[in-house]
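>>> the sequence and its predicted three-dimensional model are supplied below.
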Amino acid sequence: MSDAMVAAPASDAQSGGTQRVDVAVVGAGFAGLYLLHHLRKAGFTVVALEEGNDVGGTWHWNRYPGARCDIQTIDYSYSFDPELERAWTWSEKYATQPEILRYLGFVADRYELRRDIRFGTKVKTATWDEATLRWVLTTDSGASVSCRYYIMATGCLSAPKPPEIDGVKEFKGEVYFTGRWPHQEVKFAGKRVAVIGTGSSGIQSIPLIAEQAVHLTVFQRTPNFALPAHNGPVPADRKTLLDNDRAGYREQARWSLAGVPYPQQTTVSWQLNDAERRERFEQAWAIGDLVYILSQLWADQGSDVDGNALVAELIREKIRAIVKDPDTAAALSPHDHPFGAKRPCLDTNYYATYNRPNVTLVNLRQEPIKAITASGVTTDKRSFDLDVIVFATGFDAMTGAMIAVHPITGRAGKALSSVWADGPQTYLGLTVAGFPNLFMITGPGSPSVLSNMTVSIEQHVDWVVDRLIAMREAGFTTIEATETAQAGWARHMADCSMLTLHRLANTWYTGANVPGKALGVMPYTGGVGPYRSICNEVVSRGMLGFKLTGPNVAGQCNDGEIVRLQPDVRLVLNMMADMKLPPIETLGAQGARYFINEFNKARPAGRPVGEVVDSTLPGNDGLLPYRLYRPATPGPHPIVVYFHGGGWVLGDQQSDDPFCRDLCRRTGMIFVSIGYRHAPEHRFPAAAEDGYAATRWIGEHAAELGGMSGYVLVGGWSAGANLAAVTCQLTRDRGGPHIAGQLLVCPVTDCAFDRPSYNDNGTAYFLTRGLMYWFWDLYCSPADRTDPRVSPLRGKLGGLPPAFVVTCEFDPLRDEGIAYADALAKAGVPVEQLQARGHFHSSFTMVDVVRTGASGRAKMAEALRRFAGMPKQAEQSDEVTHRDWGVSPPQFNAAAK
Ligand code: NA7
């Protein structure tokens, strides 16, 4: 059956002033229309309630001159019906508001949606009725509605915020709001016009108003980054991609990060030189596509302040080149937020407009508006006589339209506005604990405004409608998120937002544009594809985090948190699972070494250090290779003797290269990574004795290596941390050298395999129980395993150097690491622990892959510097986004305002 032929089941007749339906939808924009269609197709009775007098939602209200979408229109379209796609052709790369509105009207006609939409109807209150297990909606016109399910498709940018300037009512001229633009044409010719606000709406409308007005004064509080849209026909390259494989193109969009099918960029800024970066930037500038420039320049631009600053400066250079007056160019150049942290704009002639003689820019940072008067605007410094004021001052974004239905009263009489007083709390951005059978489309906590909205809307609608169908089939009539699931989602949201720069800017993404609004990154920053996979996982894990009940079936509740891993750890593990790698222990030692070397080739290059030297030193039985990493700062530097991971079998002196580089940069210390002998060729105690011999030699030759004499530090990861721990015991017992501190990252400390983490984390987190057994078998026969040179936990622990012990929540070795730290402390050794939530065994060594590991590495570096008596190092650029990591930052932090 064609989608266009779907018959609508009739809603129950209105009785006693109440319309009874299965589902009530609020809003008739992109989300409401697709919901209506999909729900009807699934056999539900539905009514949509829409305040406007026609379909369109945001596009119904935002009719200001120059209003266009800022995602290319071929991407900003429904994809649920191939026939619909064939039936509509966009005329431009970025369609105008009238064309988008025509499209939505076309969709409404095609599926005969209007007959189930009550236009001109505002929902006033919504109340959950415990007795009937239904929602009751009252409206400002016509019958109230009784529905089993209540779905808010109210949009993210649909509640304009008041301008918050005194005297607006005094003004005798014309006043317009971009978000509530009149339907008749507004004429600016011959008029003195002001535009207040330079977000997308201001930036799109200013050039067109300037062409008509006798004079235009732009009042700018915060300059924004704007890029030329280069609008015109749909670009041939994108259209060809779509035409050649429409289904594949759409599917790629659904699994992409932003809902537009661009590949993930992997090259980081420091791998490119100035000329290469400039070339990439110029290409992006010429393309005119927000998602392209935000995702395709270099991988660290959205996550690292230094990587971001490079783009920001290139854009400011463009502004200076376009705008002739240097003071105006300076005022238009953003410096107070990272590029992309605030929604950048797409423009047509925006900056060039300031070269017109009839345009003035007023920098409100230098002369704030005092008031609006009968004749115009008065700032601290001067008055402007005006005929027209256009407020392009934005929206109470993401939550405003939902809270505007007031009150929404859920279970136990609780109002949504009070539950969200400290910021929106949701599960998946789709549901709220305490509000059964209430769904939100693109609600706070979903990718929404950080994505191509149409892709996110379709995913949400499909997910919600599919759940309603499944519930109907199973006999369930209520669904409600659990508090545990919701709290887990807040934590995951906070973890995700540590990976981007959004939290560093005051924007409508964070609620900072509305005075008094709780602050926090409201949209989900983890990406569209990952979000989709999480929603799917909720279903595949038996509706994890939801309570389901029905009159004739047993209730169901699989309580829990859907994502407990750090977001980038989850991606890495999923990627590895998709690769269907063979278990390493089945490859044999040579095969496993080859495999790991090949695997390591694909990782991002480590960051530059002052110097890298390969050489050899005497081990316990012959020369050992080593790699020395020297900081760029003048020496002598403290030396850290470093032991790589690999279960005493794999790896070599450069296998932990990115980790050594990172720690070398953070600590300002020399790292010497030792190529100790491996099993099975050299079994226990070869590696342990090499570790000791190398440390002693380095201690004796520290000055020759450019290091400080008199002490060394030791560090290592995994089996390397085992060697570092063992080395500390051996140097204590064998007369030196003096070790000032030990860094043990996920150490092997004991030969017992019965601690809970061996079970909890034994199979699913890359380092498996089976692999550990294999390592042990190759390195050490059972009779030797209690020897402290391989099980340092069984050794004497008093008198050891201070230690920093790192363990990861999802690591089989977690509990033996914690046991070692506890035992050290008990023996009187100064010890600090970092128990890394949501991390796995390789989190900290996968530098620039598991970026949430940055703050943990910063703490390791701090500890090493403390051990060496050095002052705290200045924060590195990747710590800025991670500095709160590990302490469960609240999603919302009112104090931050
Ligand atoms: P935005 O992007 O929120 O822009 C609003 C603009 O108005 C922004 O420049 C604000 O400055 C400014 N503003 C807000 N209140 C005031 C007051 N009281 N005085 C002076 N200036 C003020 O809204 P838009 O409608 O342009 O765009 C919304 C989204 O629609 C956009 O991101 C796209 O996704 C489409 P501020 O930055 O707060 O200092």
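The structure has been received and is ready for your questions. Numbers count the residues shown, from 1 in each chain.
>>> so where do the strands sit in the stretch 451-600 of the chain?
478-481, 546-550, 553-557 (DSSP state E, counting those that start in this stretch).
>>> contacts only, for the one residue in the stretch 601-750 of the chain that gets nearest to the ligand.
Nearest residue of the stretch 601-750 of the chain to the ligand (Cβ to the nearest ligand atom) works out as Pro604 at 31.4 Å. In short, each C-beta sits where N, CA and C put it, glycine included. For Pro604, the contact set (Cβ atoms under 8 Å, 6 or more residues apart in numbering) comprises 266, 268, 271, 299, 658, 847-849.
>>> what's the distance between it and Thr845?
Look at Pro604 and Thr845: by Cβ to Cβ, to the nearest Å, they are 12 Å apart.
>>> which neighbours do the two share?
Going by Cβ under 8 Å, 6+ apart, residues that sit against Pro604 and also against Thr845 are Pro658.
>>> ranking the strands of the stretch 451-600 of the chain by burial, who's on top?
strand 478-481 (a mean of 22; mean count of other Cβ atoms under 10 Å).
>>> could you say what helices and strands that one packs with?
Strand 478-481 sits against strand 546-550, with contacts defined as 3 or more Cβ pairs under 8 Å, 6 or more residues apart in numbering; DSSP states H and E.
>>> what's the burial count for Lys381?
Lys381 has 10 neighbours, counted by other Cβ atoms under 10 Å.
>>> Asp614 now?
12.
>>> can you pull the contacts of it?
625-628, 653-654.
>>> Thr18 now?
136, 143-146.
>>> ranges for the strands of the stretch 251-400 of the chain?
345-347, 359-363, 369-372, 376-379, 383-385, 388-391.
>>> and those strands, which is most packed in?
strand 388-391 (a mean of 25).
>>> mean confidence score for that one?
Per-region confidence: strand 388-391 scores 98 on mean pLDDT.
>>> partner strands of it and their direction?
Strand pairing for strand 388-391, determined by DSSP bridges: strand 174-177 (parallel), strand 192-196 (parallel).
>>> after it, which helix or strand is next?
Toward the C-terminus, strand 388-391 is succeeded by helix 400-404 as the next helix or strand (DSSP states H and E).
>>> chain center to that following helix: distance?
Its chain's C-alpha centre and that of helix 400-404 lie 24 Å apart, by Cα atoms, centre = their mean, to the nearest Å.
>>> kindly report the same for stretch 850-867.
22 Å.
>>> let's have the strands of the stretch 451-600 of the chain in CSV, adding mean pLDDT.
Shown next, in CSV, are the strands of the stretch 451-600 of the chain (pLDDT from 0 to 100):
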stretch, mean pLDDT
strand 478-481, 98
strand 546-550, 98
strand 553-557, 97
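>>> quick one, strands of the stretch 1-150 of the chain?
Using DSSP E, counting those that start in this stretch, strands in the stretch 1-150 of the chain cover 18-26, 46-49, 117-118, 123-129, 134-139, 144-152.
>>> and the ones you listed: which comes nearest the ligand?
strand 144-152 (19.0 Å).
>>> what lies in contact with the closest one?
17-27, 35, 47, 49, 126, 132-139, 401-402, 405, 437-441, 443, 464, 468, 477.
>>> again, 6 Å this time
18-26, 126, 134-138, 402, 437-440 (Cβ atoms under 6 Å, 6 or more residues apart in numbering).
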